[in-house]
Structure formats: structure tokens, C-alpha cells
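Enquirer: Below are the sequence and a predicted model; questions follow.
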There are 2 protein chains.
Amino acid sequence: MERILRELFADQNLIVRPKLGIIAGGGELVNELCSACSHSGRQYFVVGIKGNADPGKLQGTPHKIIRLGAIGELLSELKRQAVKEIVMVGSIKRPSWQEVRPDLRAMKLLPRFLSGRQGDGDVLKIAITELEKEGFRVVGVEQVLPGLLTPVGNIGRYSPSPQVRKDIAVGLSVATAIGDLDIGQAVVVQQGLILGIEAAEGTDCLISRCGLLSKAGEKGTLIKVRKSFQDPRADLPTIGPYTIKRVQESGLGGIALQACASLIVQRRKVIELADKYGIFLIGVNTNNREPQ
Amino acid sequence: MERILRELFADQNLIVRPKLGIIAGGGELVNELCSACSHSGRQYFVVGIKGNADPGKLQGTPHKIIRLGAIGELLSELKRQAVKEIVMVGSIKRPSWQEVRPDLRAMKLLPRFLSGRQGDGDVLKIAITELEKEGFRVVGVEQVLPGLLTPVGNIGRYSPSPQVRKDIAVGLSVATAIGDLDIGQAVVVQQGLILGIEAAEGTDCLISRCGLLSKAGEKGTLIKVRKSFQDPRADLPTIGPYTIKRVQESGLGGIALQACASLIVQRRKVIELADKYGIFLIGVNTNNREPQ
């Protein structure tokens, strides 16, 4: 009976959903989640990761700042808060082991983290497995805020030229290869040439340096895709108004995002800015690796 | 008989070797080549690629500056100079098609350049094929200056720690994958994490930005390998004194180069600087992908 009710009213938020735990790194998504919870009357609690989450932006929301190595404290705080569902949002800078100072609980996980090279994808997978072992349900942010997922096709007023569509196809194949290696999610392509590939520096730095490398003629494109083996509940490729501003400042022509596997934060503002600057925004279906 | 003589005396430069054509992009290697020719009494002529070769550094050497799109002029100049062997050295920035302004001879090649994405490796392969069609013999720079090739093992006083050797193994596998995609030749790894991957920005920019991304603890390593399908006569990975200075400024710990497939320009100075700064330099045999 409860299941039937849940299915009937799932979209209307009429069912009281369990308290949401938000594990937050950097970025704007956490605030969007908090206000969505507030509007729908859902209870929530934020654990901000020290050095990544901005404590100023968490003023007025129920939250605690915990350092990355204090996994015991993280788990007990989430339990004390009677959180059932957890969502992980925002970027987390990879610290050195010295900075982590693992607590006892984290120490138990160390052998798994230390076995060979760990891309961010691996690390997040381990984190999700551990949270689920403790009885939490880890959900993707798009389950809480379905409006964030990138749709297929043109978003906004502008669309890529046939030449730029070729660049997008090149970018998709390279970005997928880079993702398969668990290195990064983004590339910039201009006139068939890979201007830059993202690793630890993040998308904003990638955009800026590729702006400096751009040639005359048809502008470059930023392409972002999800890592192929990445758990979709963690760290989906994300853009926001800030990304549009950087793209504009750096003289790139547009952004292609993997449809249904990437997020657009503050979509209305993103589209408004893209239209204002003449930047195209397209959601591409990567099953056939061709922009639609 | 001539072949026997050539084999007997190949290393001693006792045979008069044909006039050398040097097609030069940016970087220091061209001057090293010119002085090697002068010392051994070999005739040579430099074609500097406009916007890449530094005309100031070519003062006093027989040379001509030719723009990249003027392939007809390039070929006829090399023939007028009675050049037989050609060596290509230095970096060439990828221009926009607008900047190239192809001449008639270049126009004939355009369809091959325009078919799909062209990494630098593809473009250089096409160039070599065309030069050979015209009757020139294209040789690798290490045939003219064999002392430039990176040897196997530690070069200089310092050697990588066991932890850093793991980073080097990670870097070799990633750099090889990136090279297979004809994107770049270099990566920086620190404590198992890929800090950066080189695309169009070049190694110096890669080093600088990875310095800013570095974490505390064991320092990062620059790893350079040859692209797998790259013609060994073009664009081997190269370092010089300038690279050592950038590595030092950026707080990286050392450099691993593919042995027998990368070049060290001004080796004496490179070793002197590396020893002074406590930077390790190692030539790794990539057949087994483990640093020796």
C-alpha cells in the first residue's frame, strides 16, 4: 500500500520523504538543494567538507563542517541527525595524506585507497559503498532536483555550426577516452585540434588556458561528459552561470554537455547569460557520439 | 664499398655527409645542430618557420624564414640549396587556416589535412611523406646529434624514491594512452593522482599549472613519452635547461623521460642544474613500463 501511494504521489512530493543528508564540497549546488528542501518542506542536514564547502554560504542552514579524514565523525553525525537518504554534491579537492589525518574509521579504509592509482571516480565509489554499508541510501542529486539534468538538443537560442559539430564529435570521443582512464571529464576542441584536457585543475582553469591558446576563425568548444564507469550518484559533470562567464571571457563559442548525465545549475540564469553572450549550449546524446 | 666505408666511419664523421637542411620551429635545438655542423665541417641551411623560429637566433647562419603555408617556396628553396638530408626540429604552433594562406603546392595537400581530426603526429607524418616524395631523405635529429638521446637509468645525482617510482609507472601508462590519441606527450603525477595532462599548451604551461595544484608531501613528477605511432623523425619529446628551471620553480621533484625516444638538449647544463636543485632525472625503458 505504501509503495502504491509512493508511486502515485512520487512526483508531487506529497509523501513525507526522509530527512536528507547533504555531503557538500565546493560549488553552488548545495544552496540550490537546501532551498529546494525548504520549499518542499523536506528536512535536511548539510555536512560541509572542510576546505571545500564555503562556511559563509551555509550560514542559516543546519550544518556541520567536518574534515575529510574524520570519517567516524561524519558517520556518527549523519546518524545523530537521523538522516536516511544522502546526496553528495560539489567538488572536493584531493588533499595530501598529511592533510587528511585519517581517524580510526578512515584508517580501516586506507588499504583500499592506497592500492594503486586512485582516480576521483574510484575514491567516490568507495565512499558510496561505505555509506551504504552503514545503512544510508545514497541517491543522485538529479533524484532530488530532477530539473538539473541536461536535456537533449539545443538549450537556449544559439546552436553550433556544422564545423563546430565536428569539433564536438572529436571532443566526445577524446573526453570519453580520458574519462575511461578516470582522469577528467572535460576537453576543449577548436578546428579539430584538442586545445586542452582537464585533469586535476578543474574546468575553470581549463577554459582560461584554452582561451589563451585559441586560434583565429571558428571558436573553440567546451565538451563535458561523465566518466564511463563513474557512479552516477557522485560528481556528475556540472556547469553554472560562472562557467558561462568563463567561456565568454575566454572567447570560446559554446558548450556541449552529455545529455541526461550532466547537470546545469541555475538553468534560467545560465540560458539568459548564454543568449546574452551568443554562446551555444547543447545537450548531446553520446550513445551515437554525434551531437543531435 | 661505399656502404662498408660508411658503416666503418659512420660515428667518426670522416665521410663527407651531404648538405643538411634544417626545418626549424621554436626552441634551442636548431642552434645546437648548427654548431655541430660547423664543428664537423658539414654544410647546412636552415629554413625557419615564420612565427615559430626566432630570427634573432638565426643571425649569422645561412637561413631563410618561410611561412607555414608556403610549401612550394619551402621545397624550391631546399632544392636551390642542394640539400639532400633534412632534419625537422623544434615546436611549431598550430595556426588557424586563415593564418596559413596555403600556396598552390599546399593546396594540393589540403584534402589530406582536412580529413577528420589531425593531431600533430598526423600532420608531421604527412609532411615527412611529402618531403620524401620530393627526393629528400628525412632523418631524425638523433642521427645528426646522437648524444641527445636519453639513456636508460639515472642521469645526474638524484634518483626517485620507491613512492615516486609508482607515480612514474602511473604516468607512463597514462602518457602512453594520451599519446595513442595523438594529443600530447606529457603528464604530471603526484601521489598517484594525475595533476595535469598536456594538450596544445606545451610542457612549460603544464609544469607551471601543476605546481599550483601540488599537494604537501612527496613531490610530483613530470613524465614525457613519445607518441606510440609517431614518426621518430619528428617532434621527439625534448627537455632542456629551461625545463629544469620550470620544474624547480614549480616545486616538482623530477623528470622521467622515455629512454632512447626523447632528447635532452644541452645535457651538461641540464645535469648541472638538476643536481644543483636536487631534481632527479631518469630515462625509463617503457617496454616493461617500469622505471629501471
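Expert: Looks like it came in fine.
Enquirer: Now for A:Leu212, how many residues are close by?
Expert: When neighbours are counted by other CB atoms under 10 Å in any protein chain shown, A:Leu212 registers 12. All C-beta atoms are positioned from the backbone trio N, CA, C, and that covers glycine.
Enquirer: And it, what's its pLDDT?
Expert: Predicted confidence (pLDDT) for A:Leu212: 89.
Enquirer: Angles on the backbone of it, please.
Expert: Torsion angles at A:Leu212 (phi, psi; degrees, to the nearest 10) stand at phi -70, psi -30.
Enquirer: Relative to B:Lys50, how far out is A:Ser214?
Expert: According to CB to CB, to the nearest Å, A:Ser214 and B:Lys50 sit 20 Å apart.
Enquirer: I should have written A:Glu28 there, sorry.
Expert: 46 Å.
Enquirer: A:Val144 too?
Expert: For A:Val144, the distance to B:Lys50 equals 56 Å [CB to CB].
Enquirer: The stretch 101-250 of chain A: strands as residue ranges?
Expert: For the stretch 101-250 of chain A, applying DSSP state E, counting those that start in this stretch gives strands covering A:137-139, A:153-154, A:186-190, A:193-197, A:221-224, A:238-239.
Enquirer: Can you list the strands that the third one pairs with?
Expert: Counting by DSSP bridges, the strands paired with strand A:186-190 are strand A:193-197 (antiparallel), strand A:221-224 (antiparallel).
Enquirer: For that strand, buried residues please.
Expert: A:Ala186, A:Val187, A:Val188, A:Val189, A:Gln190 (16 or more other CB atoms under 10 Å in any protein chain shown).
Enquirer: chain center to that strand: distance?
Expert: Centroid displacement of strand A:186-190 relative to its chain, using CA atoms, centre = their mean, to the nearest Å, is 18 Å.
Enquirer: do the last one as well
Expert: Its chain's average C-alpha position is 6 Å from that of strand A:238-239, according to CA atoms, centre = their mean.
Enquirer: which residues are contacting it?
Expert: A:Gly27, A:Leu29, A:Thr203, A:Lys224, A:Ile255, A:Leu257, A:Ser262, A:Leu263, A:Ile264, A:Val265, A:Val270 (CB atoms under 8 Å, 6 or more residues apart in numbering or on different chains).
Enquirer: Name the nearest of these relative to A:Ser161.
Expert: Distance to A:Ser161, by CB to CB, is smallest for A:Ile255 among these, at 14.5 Å.
Enquirer: tell me the contacts of the residue in the stretch 101-250 of chain A that chain B sits nearest to?
Expert: Nearest to chain B, among the residues of the stretch 101-250 of chain A, is A:Lys215, at 3.6 Å (CB to the nearest CB). By CB under 8 Å, 6+ apart, A:Lys215 lies in contact with A:Gln190, A:Gln191, A:Leu193, B:Arg94, B:Pro95, B:Ser96, B:Glu99.
Enquirer: Neighbour count for A:Ser214 and B:Lys50, which is higher?
Expert: More crowded of A:Ser214 and B:Lys50, by other CB under 10 Å: A:Ser214, with 19 against 15.
Enquirer: Number of residues surrounding A:Val270?
Expert: 22.
Enquirer: which of the residues in stretch A:170-181 are buried?
Expert: Buried residues in stretch A:170-181 (16+ other CB under 10 Å): A:Val170, A:Gly171, A:Leu172, A:Ser173, A:Val174, A:Ala175, A:Thr176, A:Ala177, A:Ile178, A:Gly179, A:Leu181.
Enquirer: How about the secondary structure of the closest residue to A:Phe136 other than its chain neighbours?
Expert: Counting by CB to CB, 6 or more residues apart in numbering or on different chains, A:Ile86 is the residue found nearest to A:Phe136 once chain neighbours are left out, at 4.8 Å. Per DSSP: H, G, I helix; E, B strand; the rest coil, the secondary structure class of A:Ile86 is strand.
Enquirer: I'd guessed A:Ile86 sits against A:Leu78; true?
Expert: Yes. Between A:Ile86 and A:Leu78 there is a contact under CB atoms under 8 Å: 7.0 Å.
Enquirer: Would you list the phi and psi of the spatially closest residue to A:Lys224 that is not a sequence neighbour?
Expert: Of all residues not flanking A:Lys224 in the chain, A:Pro237 sits nearest, at 4.0 Å (CB to CB, 6+ apart). A:Pro237 has phi and psi values of phi -60, psi 140 when expressed as degrees, to the nearest 10.
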